[in-house]
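Novice: Need coordinates for the following:
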Amino acid sequence: MRPFKRRKRGGVYAVFEAAEAHLLVNLLGQLVELLRDRNGEDESAPDPLFAQLGMGGSHVPPDDPVLQRLLPDGYTDDLDASGDFRRYTERALSETKVANARTVIASLVEGGLDPADVETNDAKVEVELDAAAVQAWLRSLTDIRLSVAVRLGIESDEDLVAVADSDDETVVVMSDIYDWLGYVQETLVQSLS
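Specialist: Predicted coordinates:
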């Protein structure tokens, strides 16, 4: 990947290898699927007014630790208030996360990624982002990194070192992906200053 840079005429751009772009699409697809699975049929009785306003999600916290991190409780000391808060806000928060992921995927496709061609090749994917797309990228990269961190058990710097030094090759690969996502996010933030 060539890091994000600011364009003189406005916006930012970066160039990804096709394999990197496919990795992002894969991770975002998993995130979208996880959020959609959560927002299937309502666990609580639907309220027509809330449905029109995009509210009416579950009042029960998710079982999946990744979803617990992405869709945290609003109140840790009051289960009833937390349930009400979740019921009124979770669906909209999930839909926003899905929309952000779709924006990232769309910008990769617009930049030359062929999602159907998963063969690793020498193709480059150049993304150009306006201010709204930058925000979607930053939020989606944060969501992906949080998801990977939860799956790897990263809660501190010591955990990060332990994961990187793991004997499990899969854990080491995911640790490398976590680091790379941080690099992508860092170059995007730096391009804005």
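Novice: gap between the longest helix that the chain contains and the chain center?
Specialist: Identified as the longest helix of the chain according to DSSP state H is helix 79-110. Mean-position distance between helix 79-110 and its chain equals 10 Å (C-alpha atoms, centre = their mean, to the nearest Å).
Novice: could you point out which element follows that helix?
Specialist: Proceeding N to C from helix 79-110, the next assigned helix or strand is strand 124-129, under DSSP states H and E.
Novice: where along this structure do the strands fall?
Specialist: Along the chain, the stretches classed as strands by DSSP state E are 2-6, 12-17, 124-129.
Novice: strands paired with the last one, and their directions?
Specialist: If I follow you right, that is strand 124-129. Strand pairing for strand 124-129, determined by DSSP bridges: strand 12-17 (antiparallel).
Novice: what angle do the partner strand and strand 2-6 make?
Specialist: Compare the direction of strand 12-17 with that of strand 2-6 by axes from the mean of the first three to the mean of the last three C-alpha atoms, to 10 degrees and you get 170 degrees.
Novice: Just the CA atoms of strand 12-17, as PDB, please.
Specialist: Only the C-alpha atoms of strand 12-17 are listed here, as PDB (Å, rounded to 0.1, in the frame of the first residue of the first chain):
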ATOM      1  CA  VAL A  12      -7.200  12.300  -0.100                       C
ATOM      2  CA  TYR A  13      -6.000   9.200  -2.000                       C
ATOM      3  CA  ALA A  14      -4.100   6.000  -1.500                       C
ATOM      4  CA  VAL A  15      -3.100   3.100  -3.700                       C
ATOM      5  CA  PHE A  16      -3.700  -0.500  -2.500                       C
ATOM      6  CA  GLU A  17      -2.500  -3.800  -3.900                       C
END
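Novice: tell me the angle that strand makes with helix 79-110.
Specialist: 70 degrees.
Novice: which residues are contacting strand 12-17?
Specialist: 1-7, 24, 108, 111, 123-129, 134, 184, 187-188, 191-192 (C-beta atoms under 8 Å, 6 or more residues apart in numbering). (Glycine included, C-beta is placed from N, CA and C.)
Novice: Now for this protein, the helix or strand with the poorest mean pLDDT.
Specialist: Between all helices and strands in the chain, the lowest mean by mean pLDDT, DSSP states H and E belongs to helix 48-52, at a mean of 56.
Novice: ok, now how distant is residue 111 from residue 21?
Specialist: 8 Å (C-beta to C-beta, to the nearest Å).
Novice: whoops, residue 62 was the one
Specialist: According to C-beta to C-beta, residue 62 and residue 21 sit 29 Å apart.
Novice: Which one's more surrounded, the two?
Specialist: For residue 62 versus residue 21, neighbours defined as other C-beta atoms under 10 Å are more numerous around residue 21 (27 against 19).
Novice: Now tabulate the strands of the chain in JSON lines and tack on mean neighbour count.
Specialist: Formatted as JSON lines, the strands of the chain follow (neighbours: other C-beta atoms under 10 Å):
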{"stretch": "strand 2-6", "mean neighbour count": "15"}
{"stretch": "strand 12-17", "mean neighbour count": "19"}
{"stretch": "strand 124-129", "mean neighbour count": "20"}
